[in-house]
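>>> Return atomic coordinates for the entry below.
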Amino acid sequence: MLEEVERWLRTRSWSVSDRPLHRVLAAKRASGTTVSVVLPALNEEETVGDIVAVIRHDLVQQAPLVDEIVVVDSGSTDRTSEVAAAAGARVVHRDAILPRLPSVPGKGEVLWRSLLATEGDVVCFVDADLKEFSSDFVTGIVGPLLTDPSIQLVKAMYDRPLTVPGATAAGQGGRVTELMARPLLNMHWPQLAGFVQPLGGEYAARRSLLEQLPFPVGYGVELGMLVDALHLVGLDALAQVDVGVRRHRHQDGQALGRMAAAIYRTAQLRLARGHLVRPALTQFERGADGFEPRTYSVDTEERPPMIETPEYAARKVA
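Residues are numbered from 1 along each chain as shown. Model (predicted):
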């Protein structure tokens, strides 16, 4: 590990307990900073309501840390929107944001569009499939941004157990992280080797940074954001906070393979910025006549920095 990263781990890695809520609230009042929480959601009716309810109770009603909770629905076919709204979130459909530009499937697309649907100076992203959710996730990653003006982006770090029927394996939940993202970062961007959960969906950043970053439309958004933020603001402007344990719904191996391919492509583009092609990933499933190929396109499209979008630029001028 680079000496620079060892120093960063000592000075930019914290626990949620390092910044008690009363201190974070005092910093928010003193600075006048506003905070938006965004939950990207696709068919998460079982979990999204509980997450919204906890944030609303703890950080809106009991302590005025969060100014708006926005759920961006990415085309759910279940009751995600209704459940989120009933719990107290403002729900916006992905396609209603920047309607002149046809949306494409993908988490990064939703996060990018959310910048137009929110107002906060600090934007906090939280995945909508978390179970046993604690508001410490929000307090922990927002805290450094409110108390330290030099910090631009904060990732949550946590234990991530893999839960399968009848058993739980400690520390085995981040399979794509360990098999794809961590090797890529260590080999090509060793300054980022200190991030415990580089692909985690819980992170907060200043709007002034987010609006300058391109957003891969799919699963590569977290890796792309880390790499681009490193180049734009430097390692010391990035941080991570230990918020405990993250429990969520796990995807099957083939879905993880598609995720890994998108992440690899995101890294490849940043390494070479080469000629953009539309790669594909072929996987196999056993059928009646043996193994049958299934081919999926790999997300390669990226949205430009939001600051370059006319509708967003016009809003800032207004």
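>>> Check the spacing between the closest residue to residue 150 other than its chain neighbours and residue 222 real quick.
Among residues not flanking residue 150 along the chain, residue 237 sits closest, at 6.3 Å (Cβ to Cβ, 6 or more residues apart in numbering). All C-beta spots, glycine's among them, are computed from the backbone N, C-alpha and C. Separation of residue 237 from residue 222 (Cβ to Cβ, to the nearest Å): 17 Å.
>>> same thing with residue 243?
16 Å.
>>> who has more neighbours, residue 237 and residue 222?
residue 222 (25 against 19; other Cβ atoms under 10 Å).
>>> contacting residues around the more buried one?
198, 199, 200, 201, 203 (Cβ atoms under 8 Å, 6 or more residues apart in numbering).
>>> Off-centre distance for stretch 58-70?
Centroid displacement of stretch 58-70 relative to its chain, using Cα atoms, centre = their mean, to the nearest Å, is 19 Å.
>>> Restricting to C-alpha, output that stretch in PDB.
Taking Å, rounded to 0.1, in the frame of the first residue of the first chain, the C-alpha atoms of stretch 58-70 are listed here in PDB:
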ATOM      1  CA  ASP A  58     -34.800  10.400  13.100                       C
ATOM      2  CA  LEU A  59     -33.400  13.100  10.800                       C
ATOM      3  CA  VAL A  60     -36.400  15.200   9.800                       C
ATOM      4  CA  GLN A  61     -38.800  15.100  12.800                       C
ATOM      5  CA  GLN A  62     -36.500  14.400  15.700                       C
ATOM      6  CA  ALA A  63     -33.400  16.200  14.400                       C
ATOM      7  CA  PRO A  64     -33.500  18.600  11.500                       C
ATOM      8  CA  LEU A  65     -30.600  17.200   9.500                       C
ATOM      9  CA  VAL A  66     -32.300  16.200   6.200                       C
ATOM     10  CA  ASP A  67     -34.100  18.800   4.200                       C
ATOM     11  CA  GLU A  68     -35.700  16.500   1.600                       C
ATOM     12  CA  ILE A  69     -36.100  12.800   1.000                       C
ATOM     13  CA  VAL A  70     -36.500  11.900  -2.700                       C
END
